[in-house]
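>>> Prediction below, plus the sequence it came from.
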Amino acid sequence: MEQKTKFKQTEIGMIPEEWEIDGIETIYNISSGLSKPREEFGSGFPFVSFMDIFSNFSLPKNLSQLVNSSERERKACSVRRGDVFLTRTSETQEELGMSSVALKNYESATFNGFSKRLRPRNDGRIFPEFAAYLFRSRIIRNQILAFSSLTTRASLNAESIRRIKLILPPLPEQRAITKILSDLDSKIELNQRMNQTLESIAQALFKRWFVDFEFPDEKGRPYKSNGGKMKQTELGKIPDDWNFSVLPELTSIVDCLHTKKPEKLDSGKILLQFYNLTPNHDLDMSNPYYVSESDYNQWTKNICVRDGDILFTNAGRQAIAKVPYWFKGGMGRNITAVRAEKIDASYLFYYFLSSHGEKQITKNLDEGTIFSSLNVKGIRKIIILVPPKELQNSFYNIASKIRCTTEINNIENQKLSQIRDSLLPKLMSGQIRVR
């Protein structure tokens, strides 16, 4: 029979008897990052951005930004395996001190001045992969929130970081804990890569059929290259029996531009997922809110974004370059949703706007005093191609199967993430032991 774990009381809670607790400075040296003017970015050497840290347990294999850095800067702000990066400033305390760990050496890379680097003192007491999960656990997050200061922005200084206490299981147990959590993350990453591949297949098929016009003719041959009839239009040559339409004739448009961000309510009971579109054309899903039932009904009655809607950001030319994104559930802010009445049309709108809708969007921007924006009036002017219904259905039959698979993968990833997040605090506190 397995011996029951004996626990001891520590300043940060109960932990197994054979585990250690130590101050962060006995294991890491703390240093600040590189601050550069905006014009120094876009070329040069790899750079760890704020979002590289904020969005990842461990740094991505390929960093998202480049910066013109000197040899001295690259030496002082280098990025090596085992380095832990903490965001030191944020709009809210909940988003402060988010961590990411380097799991390899990043040649010639530097890191940003809105973060702190914790570099191991080479005493071999902490496994880097274990640190990636430890610093994201509530054991560390609760300490960071307690030590941080909040004025106009939340901030985390070196003095506060030095007060953090780390839980240190024996190295073999650190590796065993990491194995369980990383296996879950590996499956999540595999599903994400599969979805990216499936999306590439759908886009390639759309391009061949609706951009190159090589869809199957009545004999199953590529239409254009086998002499299919074409006609000249304002958007170039298109198949003889195709037409044009503006979006309002085929869709309904839901204006979410003025949706106010709800306040977090301690007494709220309904989870309302609140989304923004980022300048990188991704969904920012980091703002879940618990709201009262009456507020939930009020906010979602007309402006809840639905599965299959196509979203447009409303502000900034850069944020509009590649607009649409498949979206499921929740509520949008600073966006306009285009809602197709039939799902087959919705698929076509999405891929059409992804492939060659940028010129249409740019053409219909409202030139403001500060930046260009895309409003509902501009969206209503967007013209799209409308293939015959039979061809729409054929594409839908293929694309829907692809989407069904990606949705299954997404659901599985949600469950795997929930399992990982529920295991994380129990493994890190020794409530669940791994031999």
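Nice, I can see it.
>>> Tell me the secondary structure at the spatially closest residue to residue 147 that is not a sequence neighbour.
Using Cβ to Cβ, 6 or more residues apart in numbering and skipping the chain neighbours, the partner closest in space to residue 147 is residue 160 (3.8 Å). All C-beta spots, glycine's among them, are computed from the backbone N, C-alpha and C. Following DSSP: H, G, I helix; E, B strand; the rest coil, the label given to residue 160 is helix.
>>> go on, residue 47?
Classified using three-state DSSP, residue 47 is strand.
>>> now do residue 208
Residue 208 ends up helix, using three-state DSSP.
>>> excluding its backbone neighbours, what's nearest it?
That would be residue 214: by Cβ to Cβ, 6+ apart, it lies 5.0 Å from residue 208.
>>> just checking, residue 59 touches residue 48?
Yes: between residue 59 and residue 48 there is a contact under Cβ atoms under 8 Å: 6.4 Å.
>>> which of the two has more neighbours?
residue 48 (28 against 23; other Cβ atoms under 10 Å).
>>> tell me the phi and psi of the closest residue to that one other than its chain neighbours?
Leaving aside its sequence neighbours, residue 48 sits nearest to residue 111 (Cβ to Cβ, 6+ apart; 3.9 Å). According to degrees, to the nearest 10, the main-chain angles of residue 111 amount to phi -130, psi 160.
>>> Check residue 111 and give its pLDDT.
Note for residue 111: predicted pLDDT of 96.
>>> try residue 10
pLDDT, read off for residue 10, is 88.
>>> Could you count how many residues lie near the nearest residue to it once chain neighbours are set aside?
Spatial nearest neighbour of residue 10, excluding adjacent residues (Cβ to Cβ, 6+ apart): residue 21 at 5.1 Å. Burial of residue 21, expressed as a neighbour count using other Cβ under 10 Å, amounts to 14.
>>> check contacts around residue 21.
10-12, 15, 165-168 (Cβ atoms under 8 Å, 6 or more residues apart in numbering).
>>> Thought residue 205 was touching the residue nearest to residue 208, still the case?
No: if you go by Cβ under 8 Å, residue 214 and residue 205 don't touch, sitting 10.2 Å apart.
>>> on that earlier part again, buried subset of the contacts of residue 21, written for ChimeraX?
Of the contacts of residue 21, the buried ones can be selected in ChimeraX as follows, counting by 16 or more other Cβ atoms under 10 Å:
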select :12,15,166,167,168
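>>> Farthest-apart pair in the contacts of residue 21, please.
Using Cβ to Cβ, those span at most 14.1 Å, a distance reached by 11 and 168.
>>> and residue 9, how many neighbours?
Residue 9: 8 surrounding residues under other Cβ under 10 Å.
>>> ok so, going back, overlap in contacts of residue 59 and residue 48?
Listed as contacting both residue 59 and residue 48 by Cβ under 8 Å, 6+ apart are 79, 85, 106.
>>> Highest neighbour count among the residues you listed?
Counting by other Cβ under 10 Å, top hit in these: residue 85 with 26 neighbours.
>>> contacting residues around that one?
When contacts are counted by Cβ under 8 Å, 6+ apart, residue 85 touches 48, 53, 59, 99-102, 111, 115-118.
>>> pretty sure it is in a strand, no?
Yes: under three-state DSSP, residue 85 sits within a strand.
>>> Name the residues linked to it by a beta bridge.
Residue 85 has these beta-bridge partners by DSSP bridges: residue 100, residue 117.
>>> I'd like to know how many residues surround the closest residue to residue 42 other than its chain neighbours.
Closest residue to residue 42 apart from its sequence neighbours, by Cβ to Cβ, 6+ apart: residue 66 at 6.2 Å. For residue 66, the neighbour count with other Cβ under 10 Å is 15.
>>> in which helix or strand would I find residue 66?
Following DSSP states H and E, one finds residue 66 within strand 65-67.
>>> who's in contact with that strand?
34, 36, 40-49, 52, 110.
>>> Listing partners with orientation, what would you give for it?
strand 41-48 (antiparallel).
>>> Buried residues of the strand it pairs with, list them for me.
Buried residues in strand 41-48, counted by 16+ other Cβ under 10 Å: 44-48.
>>> again with stretch 113-126
Buried, per 16+ other Cβ under 10 Å, within stretch 113-126: 114-120, 125-126.
>>> now for it, what's the gap between its first and last residues?
This stretch, stretch 113-126, spans 25 Å end to end (Cα to Cα, to the nearest Å).
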